[in-house]
Each structure stands twice: as structure tokens, then as C-alpha cells.
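Visitor: Need coordinates for the following:
(one chain, ligands or ions: 1)
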Amino acid sequence: MQRHLISAADLTRDDAVLILDTAEEMARVADRPIKKLPTLRGRTVVNLFFEDSTRTRISFEAAEKRLSADVINFTAKGSSVSKGESLKDTAQTLEAMGVDAVVIRHSASGAPYRLATSGWIDAHVINAGDGTHQHPTQALLDAFTMRRRLVGPDAGLGKDLDGRRVTLVGDILHSRVARSNVDLLHTLGAEVTLVAPPTLLPVGVETWPCEVSYDLDSTLTKSDAVMLLRVQRERMNAAFFPTEREYSRRYGLDGDRMAKMPDHAIVMHPGPMVRGMEITAEVADSDRCTVVEQVTNGVSVRMAVLYLLLGGAEPAVAHPSPTTTLATRRSAPTSELRPTEEK
Ligand code: CP
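Guide: Residues are numbered from 1 along each chain as shown. Sure, this is the predicted structure:
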């Protein structure tokens, strides 16, 4: 990984473990009476959202504010994008205001990569989800949640997910979460199985570093974590399965199916959930479901990513060398994690 975070596939095992370990330190800060750190004081981060979001947008904003950054929120609705302004002109307008980092969500796959490599702007770029391509901080928070639940917050430090069995179920075809998770979980040593109707699997999935199954019940019994994915109707231009009822019967997780999972196994969902389709209310509200925990962990993971890309040991350097990698940065020393005196 260079000075941007565009794809989970760009992370080495050491990069990913460093982010997860740093996120554990950030999570401890959240338990303090004063949750704010001075790390990014004087730095400006813009959240550039061209596509709807609840969890990602709010948790990036919370992470940036907890690190004392100046935060600018931009949503395409209500902006000059509706008058035809391009991504380049929008980005350069923000850069002219002295932005140090851009967190971007866009419906077009490749938009964050274009922003990071075009030379239009000098700021760090963090991908907050692009089309059906990648959502790297989602995969990191999912891995963080798995490591905490399956290994332990302290026991997990320095460790990956070697040998853990993770099943992703649902609309793989349209899912940037699935692509990011397959990449990152493979890097962290986990064994991934995708379960979906054949119509919701992408062409070329056989080249991905994972198994594919059409039988959810037999896969559940040997899973440490089962992640349900939403059927993304907004990205569909055809009928991909007969009916919602038929989809739920074959690929939905209800209480009876959850009972087939090993006792220690967890149920995950990146959100937003469609209760009654991919997951029943009984499962979504059970103690085994980590969906709310994933949101909490998202703040710690995004604080860690921002800290490692922008802050860290060299807060005075406006733009670290392009050759700086996450792996060359060390985890946050305690002195840098002292709470700010600001309230
Ligand atoms: N998981 C996720 O990306 O949710 P949002 O679309 O609400 O950000």
C-alpha cells in the first residue's frame, strides 16, 4: 500500500495486521472519558460522498473528529454536481481549500483510483466504496470483528486469521464488500467460501482465492463466521432469481439454520440489512449477530487508517513520500494517544 487506500488487495499481511493492531489501541481510547486525540490537529479531511451511505459516512466523520481533524462533508445531492460539474473539477475545488485527505464513495468503480493517480490532487485518497469494485475499510472492520470474536482483543494482537473459515452468502455479483473481504481474508490466511445462486456470481469467480458452493446448509456446519450480503436491487437491470420467497428459502439465514452453525460461530452483515429476506429478525437481533459491533469497530478501524496514512510519527510532514508504506509506520506509541485537552 502506498499513500492511499484504494483496494484491500493492495494490503500486505503486515499492513493489515498493523491496521488491526492500531485499531485495538484506538478502541481503548473509546473507553476513556475523553475520547478525542490531538493526532490530526491542523489537518483537513473531506468526506466526498457521491452515493448514499449511513454507516461509512458517519463513522469516518466520527473517526476524523476523534483524531481532531477539521472535517468537510460533501454530498453530491445539493452540490454543483447536479449542474454537470465533473469529478476532476469537484476534487480540484476541494484541493484549493487545502485538503489533506479525501474519503470518497462513488457509484463508478475506479473513481477513487482515478482520483489518486490522475495528478488532479495531492491529497491522500481513501476509498469508502466504489461501485461493485472495493470497500477496503469495510473488509478491515469485518476482519477486526472476526479477530476480536474468534481470537480475542488481546490474544489477537499481532495475529492474522489463519485457518478461520468464513462464508459469504448472497449477492456476490454486485458486492464490493465481497470482493474486498475475499482479498483481505485470503491475505490474512482465512479460508473463504462463497454461497450464492449461480446468477449472482460474477464471471471469473473461479479465479478468486476462495471456494464456491450452492448449498448453504452444508457450508454452515463448518463455518466460524457467516456473512450475509444484501441483494442490491438498485444495481440490477434484470430478474436474477424467481421470487424473494424462493431466495430466502435457499439463501436466507433463519433461526433453524443458525442452529446448525458451530456454537462459537458468529453471524455478520455489513448493513444495510433487509430483514425478512437475507436475514430474519430473530437472527439479526440474536447475540451471535455482530452487525452493531461491526459499526462500533468501524470507527476504531477508520481512526487507525487515518492515523497511519496522515498522522503517525510524522505529523508535521504534509505529504509523506509516495514510497512510504503502511508497513514502514509503527503502531501508535502511548504518548501519541494521549487525549486532547479539547472537549
Ligand atoms: N456497510 C456500508 O457500507 O454501509 P453504508 O452504505 O450505510 O455506508
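Visitor: Could you give the number of residues near the residue in the stretch 201-343 of the chain that the ligand sits nearest to?
Guide: Relative to the ligand, the nearest point of the stretch 201-343 of the chain is Pro270 (3.9 Å; C-beta to the nearest ligand atom). Heads up, the C-betas are built off the backbone N, CA and C, glycines and all. The number of residues packed near Pro270 is 27, by other C-beta atoms under 10 Å.
Visitor: next one: Asp285
Guide: Number of residues near Asp285 (other C-beta under 10 Å) recorded here: 12.
Visitor: Give me the secondary structure label for Asp142.
Guide: helix (DSSP: H, G, I helix; E, B strand; the rest coil).
Visitor: and it, what does it touch?
Guide: Residues in contact with Asp142 (C-beta atoms under 8 Å, 6 or more residues apart in numbering) are Val177, Asn181, Leu184, Met227, Met268, Pro270, Gln294.
Visitor: Where does the residue of the stretch 201-343 of the chain closest to the ligand sit, in terms of helix or strand?
Guide: Using DSSP states H and E, Pro270 maps to neither a helix nor a strand.
Visitor: list the contacts for it?
Guide: Arg55, His135, Gln138, Asp142, Val177, Met227, Leu229, Arg230, Gln294.
Visitor: Can you lay out the contacts of Asp142 as a markdown table showing pLDDT and secondary structure?
Guide: Compiled in a markdown table, those are given as follows (pLDDT from 0 to 100; DSSP: H, G, I helix; E, B strand; the rest coil):
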| residue | pLDDT | secondary structure |
| --- | --- | --- |
| Val177 | 97 | helix |
| Asn181 | 98 | helix |
| Leu184 | 98 | helix |
| Met227 | 98 | strand |
| Met268 | 98 | strand |
| Pro270 | 96 | coil |
| Gln294 | 98 | helix |
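Visitor: circling back: same list, the contacts of Pro270, but only the ones touching the ligand.
Guide: The subset of the contacts of Pro270 within reach of the ligand, by C-beta under 6 Å from any ligand atom, is Arg55, His135, Gln138.
Visitor: what about the last one, neighbour count?
Guide: So that's Gln138. 25.
Visitor: same check, this time on the first one
Guide: A count of nearby residues for Arg55, using other C-beta under 10 Å, gives 17.
Visitor: hang on, isn't it packed against Asn297?
Guide: No. Arg55 is not in contact with Asn297 according to C-beta atoms under 8 Å; the separation is 11.0 Å.
Visitor: quick one: Leu228 from Val71, how far?
Guide: 32 Å (C-beta to C-beta, to the nearest Å).
Visitor: quick one, which of the two is more surrounded?
Guide: Higher neighbour count among Leu228 and Val71: Leu228, with 26 against 18, using other C-beta under 10 Å.
Visitor: Phi first, then psi, for the more buried one.
Guide: phi -90, psi 140 (degrees, to the nearest 10).
Visitor: got a list of what the residue nearest to Gly276 when sequence neighbours are not counted touches?
Guide: Distances taken as C-beta to C-beta, 6 or more residues apart in numbering put Ser248 closest to Gly276, at 7.3 Å, once the chain neighbours are dropped. Contact analysis of Ser248 by C-beta under 8 Å, 6+ apart lists Gly276, Met277, Glu278.
Visitor: In the stretch 101-250 of the chain, where is pLDDT below threshold?
Guide: Low-confidence segments of the stretch 101-250 of the chain, defined by pLDDT under 70: 235-238.
Visitor: Show me which residues of it are close to the ligand?
Guide: Counting by C-beta under 6 Å from any ligand atom, the residues of the stretch 101-250 of the chain close to the ligand are Gly129, His135, Gln138.
Visitor: hmm, who's touching the one helix or strand the first one maps to?
Guide: Applying DSSP H and E as the criterion places Gly129 in strand 124-130. Contact partners of strand 124-130, identified using C-beta under 8 Å, 6+ apart, comprise 3-7, 47, 49, 51, 53, 56-57, 60, 100-113, 115-116, 134-138, 176, 305-306, 309-310, 319.
Visitor: Buried subset of these, written for PyMOL?
Guide: The PyMOL selection below is limited to those of the contacts of strand 124-130 classed as buried (16 or more other C-beta atoms under 10 Å):
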select buried, resi 3+4+5+6+7+47+49+51+53+56+57+60+100+101+102+103+104+105+106+111+112+113+115+116+134+135+136+137+138+176+305+306+309+310
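Visitor: In helices, which of the contacts of strand 124-130 fall?
Guide: 56-57, 60, 111-113, 115-116, 136-138, 176, 305-306, 309-310 (DSSP state H).
Visitor: Which single one of these is nearest to the ligand?
Guide: Thr56 (3.2 Å).
Visitor: for the closest one, what are its contacts?
Guide: Counting by C-beta under 8 Å, 6+ apart, Thr56 has contacts Arg105, Ala128, Gly129, His135, Thr137, Gln138, Gly298.
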